[in-house]
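Asker: predicted coordinates and the sequence they were generated for:
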Amino acid sequence: MESQIKALEKQARALEPSTGDRASLLKKAQQYGNNFLDELPQKPAYVTSERMGKGVYDLPFNDGPKDFDEILQVLESEVDRPGLNPASGKHAGYIPGGGLYPSAVADYLAAVTNRYTGVFFSSPGAVRIENMCIRWMCDLVGYPEKAAGNLTSGGSIANLIGLVTARDHADIKARDFHKAVIYTTHQVHHCVIKAIKFAGLQEAQIREIPMDRGYRMKAEELKKQIHSDKSAGLIPLVIFASAGTTDLGAVDPLDRIADLAKEHKLWFHVDAAYGGFFLLTDHGKQIMEGIDRADSVTIDPHKGLFLPYGTGAVLVKDGQRLYESQHMTANYLQDALKATEEASPADLSPELSKHFRGLRMWLPLQLFGVQPFRAALEEKLLLTRYFFQKIQQIDRIEVGPKPKLSVMAFRYVPENDDPDIFNKKLVDEIHRDGRIFLSSTNIDGAFYLRLAVLNFRTHLEEIDLILSILREKIHKLTGVASN
């Protein structure tokens, strides 16, 4: 048996590269990353491809090794070239984008050291870093010291944790789920509807409260609906409000909703996944007044702090409620129970195994300080207002509501053609061209183009390019030169 173990050990040691091999791998990977970033300003924001990355199947898994240069070549041609390029400053379609370079360095360090950040006992320093990030976000929202939270993979899991905490706090039983009522609007992110399903509340009553012309929840209509549901013997459970809807960047009247939540003893959750970090700006603080009164908040550092995908957060005003909802233990964790100086992430989330996410947030904030992030967010607000003004100088352009944050909608209304058909063609033209990327949405049944400015690499030059290409494509489709 010993000889067999030794033989297997010899093969298995291939998984531990030597110092020289590590240096070679890292040098090539670093060069690949540098080339990607150096060429990024010239790269398109979107590339159509017939094969759509099928070349990755040319490297099947088998018993033998492959050359790293060959692997990088496939990565470049089949992964990093076709499709959407979220790192590009010319990507103004979907909200997340960018990916700060120091965060990539942090991920490298976190992966190499492989610290386990589920429980304080196993890696106290790493858990302190994650809790430090949570505390900073709680301060930003205006939460008290007893608040707690968790770094999640994104807003979907954060909203789910918030909903489950609300469900558990209400002590509602499964036999009454069909009587529970959840209040939101048509503009709420669809991950909230998924969260309702995953929380076992798909039988609950979902009320879409009417919105005003700015696509904000009407508080008086919410009040009426709560009274009606109570009179009908239903159980009002939770209000899901938005601080920056994905479609239009709308911010619900949080302070007024908080009044109703307090009056009727409802859990109040604010989805600020997109808009939350605008609290770093005076404008954000003004339009999100009352967010500190919410029982829980979702906020995504991979949006407003420009971090890589996979960095969300849930914050709960009364941290004990979160702990009571999420905490469990097991015999094999008995050693960890003696270290309780800091809250353990595994006690505040469904996750046990998790990546050391906090380092990718902590390192850039340490390296740069907070001010560059604030400046970038203020810049995005102004760029969106600039675009809003300039796009209306193009004849026959119709805009949606005035942007409250950094998302806005617009469309071209042709003289004779159907506007929906025309704007679908316009989006297709932009995607085929690829130099920039815009997305589309439907507002009250009408097809609109959508601009979302939240990439730290998007500046005035990129916005002017988007305006120029829109004029060019409108002229191509209509034959009429735009002003």
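Answerer: Looks like it arrived, so ask away.
Asker: could you pull out the helices in the stretch 151-300 of the chain for me?
Answerer: 155-170, 190-198, 219-231, 254-264, 282-287 (DSSP state H, counting those that start in this stretch).
Asker: which SSE is residue 386 in?
Answerer: helix 371-391 (DSSP states H and E).
Asker: does anything pack onto that helix? Which helices or strands?
Answerer: Using 3 or more Cβ pairs under 8 Å, 6 or more residues apart in numbering; DSSP states H and E, the elements in contact with helix 371-391 are helix 282-287, strand 397-399, strand 407-412, helix 460-478. For the C-beta atoms, the positions are set from N, CA and C on the backbone; glycine is no exception.
Asker: show me what the third one is packed against.
Answerer: Secondary-structure packing of strand 407-412 (3+ Cβ pairs under 8 Å, 6+ apart): helix 371-391, strand 397-399, helix 419-433, strand 446-452.
Asker: next, work out how far apart the residue found closest to residue 429 once you drop the neighbours it is linked to in the chain and residue 438 are.
Answerer: Excluding the flanking residues, the one nearest residue 429 by Cβ to Cβ, 6 or more residues apart in numbering is residue 473, at 4.6 Å. Computed with Cβ to Cβ, to the nearest Å, the distance linking residue 473 and residue 438 is 10 Å.
Asker: now for these two: what residues contact both?
Answerer: residue 430 (Cβ atoms under 8 Å, 6 or more residues apart in numbering).
Asker: please save the CA atoms from the helix holding residue 386 in CSV.
Answerer: Extracted C-alpha coordinates of helix 371-391, given in CSV (Å, rounded to 0.1, in the frame of the first residue of the first chain):
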residue,chain,number,x,y,z
GLN,A,371,-13.3,60.3,-2.5
PRO,A,372,-12.5,58.9,-6.0
PHE,A,373,-15.6,56.7,-5.7
ARG,A,374,-17.7,59.7,-4.7
ALA,A,375,-16.3,61.7,-7.6
ALA,A,376,-17.0,58.9,-10.1
LEU,A,377,-20.6,58.6,-8.9
GLU,A,378,-21.2,62.3,-9.1
GLU,A,379,-19.7,62.2,-12.6
LYS,A,380,-22.1,59.5,-13.7
LEU,A,381,-25.1,61.6,-12.4
LEU,A,382,-23.9,64.6,-14.5
LEU,A,383,-23.1,62.5,-17.6
THR,A,384,-26.7,61.1,-17.5
ARG,A,385,-28.1,64.6,-17.2
TYR,A,386,-25.8,65.8,-20.0
PHE,A,387,-27.0,62.9,-22.3
PHE,A,388,-30.6,63.7,-21.3
GLN,A,389,-30.2,67.3,-22.6
LYS,A,390,-28.2,66.4,-25.7
ILE,A,391,-30.4,63.5,-27.0
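Asker: which residues are contacting that helix?
Answerer: Against helix 371-391 from outside (Cβ under 8 Å, 6+ apart): 277-278, 280-281, 283-284, 304-306, 365, 397, 399, 402-403, 405-408, 410, 451, 453-454, 456, 458-460, 463, 466-467, 470.
Asker: what does stretch 70-77 give?
Answerer: Against stretch 70-77 from outside (Cβ under 8 Å, 6+ apart): 28, 29, 32, 55, 56, 58, 59.
Asker: what of stretch 473-483?
Answerer: Under Cβ under 8 Å, 6+ apart, the answer for stretch 473-483 is 393-395, 412, 414, 422, 425-426, 429-430, 433, 470-471.
Asker: redo the residues you listed as CSV? Include distance to residue 149, neighbour count and pLDDT.
Answerer: Formatted as CSV, the contacts of stretch 473-483 follow (distance: Cβ to Cβ, whole Å; neighbours: other Cβ atoms under 10 Å; pLDDT from 0 to 100):
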residue, distance to residue 149, neighbour count, pLDDT
393, 44, 11, 97
394, 44, 15, 96
395, 49, 14, 94
412, 43, 23, 97
414, 49, 18, 95
422, 45, 20, 97
425, 45, 16, 97
426, 42, 24, 98
429, 43, 16, 97
430, 38, 24, 97
433, 42, 17, 96
470, 40, 25, 98
471, 45, 16, 97
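Asker: give the burial count for the residue nearest to residue 429, as a bare number.
Answerer: By the criterion of other Cβ atoms under 10 Å, residue 473 has 21 neighbours.
Asker: quick check: chain neighbours aside, which residue is closest to residue 85?
Answerer: Distances taken as Cβ to Cβ, 6+ apart place residue 45 nearest to residue 85, at 5.3 Å, with adjacent residues excluded.
Asker: CA atoms of the lowest-mean-pLDDT helix or strand in the chain as CSV?
Answerer: Least confident helix or strand, the chain: helix 190-198 with a mean of 83, by mean pLDDT, DSSP states H and E. Once non-C-alpha atoms are left out, helix 190-198 reads as follows in CSV (Å, rounded to 0.1, in the frame of the first residue of the first chain):
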residue,chain,number,x,y,z
HIS,A,190,-37.5,40.4,-11.1
CYS,A,191,-35.1,38.8,-8.6
VAL,A,192,-37.6,39.9,-5.9
ILE,A,193,-40.3,37.7,-7.5
LYS,A,194,-37.8,34.8,-7.6
ALA,A,195,-37.0,35.4,-4.0
ILE,A,196,-40.7,35.1,-3.1
LYS,A,197,-40.7,31.7,-4.8
PHE,A,198,-37.5,30.5,-3.2
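Asker: list the contacts of that helix.
Answerer: Contacts for helix 190-198 (Cβ under 8 Å, 6+ apart): 155-156, 159-160, 162-163, 182, 184, 202, 204, 206, 240, 271.
Asker: do stretch 220-240 as well
Answerer: 159, 163, 166-167, 170, 172, 176, 179-184, 188, 192, 204-205, 207, 209-210, 257, 260-261, 264, 266-269, 271.
Asker: out of these, which end up buried?
Answerer: 159, 163, 166-167, 170, 172, 179-184, 188, 192, 204-205, 207, 209, 257, 260-261, 266-269, 271 (16 or more other Cβ atoms under 10 Å).
Asker: and this structure, what are its domain boundaries?
Answerer: Following automatic domain parsing, one finds the domains of the chain at 108-368, 371-478.
Asker: and the first one, end to end?
Answerer: Across domain 108-368, the terminal residues are separated by 19 Å (Cα to Cα, to the nearest Å).
Asker: also the last one?
Answerer: Distances were taken as Cα to Cα; on that basis the terminal residues of domain 371-478 are 45 Å apart.
Asker: then stretch 83-102?
Answerer: Per Cα to Cα, stretch 83-102 runs 25 Å from first to last residue.
Asker: list the buried residues in it.
Answerer: Buried residues in stretch 83-102 (16+ other Cβ under 10 Å): 84-93, 95-100, 102.
Asker: so of the residues you listed, which ones are in helices?
Answerer: The helices, defined by DSSP state H, take in residue 102 from those.
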